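**Q** sequence isn't available, so here's the structure alone:
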């Protein structure tokens, strides 16, 4: 079920309850690979750890490899309007917000595929 979430951990808890967490991990790996952004996490990664890994990766991309960051946003299909809504502050907060947007978008892909696949 798609609904409004307040933060990444809340979102990941719902994904686990719906038993789509492994599919989310597969989708994350796929899209990061398509964007040529290497990311590594074990198949049994805990939600809190996954959130941290993605947050660190987004932070690194914003600070060190901005073009790769933009490419990842494009591949994942994060709305430019959503990114523009983020209140400018420090890079740590911005990367946390972008990580949340990324997880929400990946969750949408997984949820729709699960709901409407035959």
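**A** Nice, thanks for sending it over. Since the structure is predicted, the reported quantities are computational estimates derived from the model, not experimental observations.
**Q** which strand or helix spans residue 70?
**A** Under the criterion of DSSP states H and E, residue 70 resides in helix 66-76.
**Q** and what of residue 45?
**A** Secondary structure here is read from DSSP H and E; on that basis residue 45 sits in neither a helix nor a strand.
**Q** who are the contact partners of it?
**A** 25, 53 (CB atoms under 8 Å, 6 or more residues apart in numbering). (Each C-beta comes from the backbone N, C-alpha and C, glycine too.)
**Q** got a pLDDT number for it?
**A** Looking at residue 45, its pLDDT is 93.
**Q** do you know how far it is from residue 53?
**A** Look at residue 45 and residue 53: by CB to CB, to the nearest Å, they are 7 Å apart.
**Q** the longest helix along the chain versus helix 66-76: what angle between them?
**A** Identified as the longest helix of the chain according to DSSP state H is helix 91-116. With axes from the mean of the first three to the mean of the last three CA atoms, to 10 degrees defining the directions, helix 91-116 sits at 20 degrees from helix 66-76.
**Q** any stretches of this structure with poor pLDDT?
**A** Scanning the chain for pLDDT under 70 picks out 1-3, 118.
**Q** and the nearest residue to residue 32 once chain neighbours are set aside, how many neighbours?
**A** Leaving aside its sequence neighbours, residue 32 sits nearest to residue 39 (CB to CB, 6 or more residues apart in numbering; 4.4 Å). As a burial measure, residue 39 scores 15 neighbours (other CB atoms under 10 Å).
**Q** residues touching residue 61, list them.
**A** Here residue 61 is in contact with 37, 68, 69, 72 (criterion: CB under 8 Å, 6+ apart).
**Q** and the helix or strand containing it, what's buried?
**A** If you go by DSSP H and E, residue 61 is part of helix 47-64. Within helix 47-64, the residues that count as buried by 16 or more other CB atoms under 10 Å are 47, 50, 51, 53, 54, 55, 57, 58, 59, 61, 62.
**Q** then stretch 30-50?
**A** Residues of stretch 30-50 classed as buried: 31, 32, 35, 37, 41, 45, 47, 50 (neighbour count, 16+ other CB under 10 Å).
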